[in-house]
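Engineer: Make a model of this:
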Amino acid sequence: MEKKILFMFLRAPFGSIQYTEGLRAVVGMMSGLDEHKVTCVYAGDGAYYSLKGADKSESAGYVKTIADISETHYYVEKESMAERGISEGDVDETFEAISRDDLAKLITENDVIFDF
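Structural biologist: I've put the predicted structure just below:
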């Protein structure tokens, strides 16, 4: 049975493999019989992953696999960006900036939520 799954990336994309393991989990949830609908949100220190030019080499294979499997939405929370001095012009075009209220709505609309 297909489920709507939200992956929240809340930790910095450097100094640990959390974000890479999170993307590996995204691939796992999108694969197989159920092919769940997945959304990824970057908030807190995870907002740094949305930066243009950020080193995404460790996760590039997972991002490509995700794109090959299905359309996935990538969001970054505006308030997290502002708290870290990140402007919308600094964000890679892959990401859509959303408000904290929109994030709260996403949380309520999904069946399962994972955070990394």
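
Engineer: Could you use CA atoms for every contact and neighbour count after this?
Structural biologist: Fine.

Engineer: which stretches of this structure form strands?
Structural biologist: Ranges of strands in the chain, per DSSP state E, are 4-9, 37-42, 73-77, 95-98, 112-115.

Engineer: Can you name every helix or strand that the longest helix seen in the chain contacts?
Structural biologist: In the chain, taking DSSP state H as the definition, the longest helix is helix 18-30. With contacts taken as 3 or more Cα pairs under 8 Å, 6 or more residues apart in numbering; DSSP states H and E, helix 18-30 sits against strand 4-9, strand 37-42, helix 60-69.

Engineer: contact partners of the last one?
Structural biologist: The set of residues that contact helix 60-69 without belonging to it, under Cα atoms under 8 Å, 6 or more residues apart in numbering, is 20, 23, 24, 26, 27, 30, 31, 72.

Engineer: Enumerate every residue touching the second one.
Structural biologist: Counting by Cα under 8 Å, 6+ apart, residue 23 makes contact with 59, 62, 63.

Engineer: What average pLDDT does stretch 45-59 get?
Structural biologist: For stretch 45-59, the mean pLDDT works out to 89.

Engineer: I'd like the C-alpha coordinates of that stretch written as PDB, please.
Structural biologist: C-alpha atoms of stretch 45-59 as PDB (Å, rounded to 0.1, in the frame of the first residue of the first chain):
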ATOM      1  CA  ASP A  45      21.300  23.000   9.800                       C
ATOM      2  CA  GLY A  46      20.100  20.700   6.900                       C
ATOM      3  CA  ALA A  47      19.400  24.000   5.000                       C
ATOM      4  CA  TYR A  48      23.100  24.200   4.200                       C
ATOM      5  CA  TYR A  49      22.600  21.200   1.800                       C
ATOM      6  CA  SER A  50      20.500  23.400  -0.400                       C
ATOM      7  CA  LEU A  51      23.300  25.900  -1.200                       C
ATOM      8  CA  LYS A  52      24.500  26.300  -4.700                       C
ATOM      9  CA  GLY A  53      27.900  24.800  -5.000                       C
ATOM     10  CA  ALA A  54      27.600  22.700  -1.800                       C
ATOM     11  CA  ASP A  55      29.600  19.500  -2.100                       C
ATOM     12  CA  LYS A  56      27.100  16.900  -2.900                       C
ATOM     13  CA  SER A  57      29.500  14.400  -4.300                       C
ATOM     14  CA  GLU A  58      28.900  11.800  -1.600                       C
ATOM     15  CA  SER A  59      25.100  11.800  -2.300                       C
END
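
Engineer: All set, thanks.
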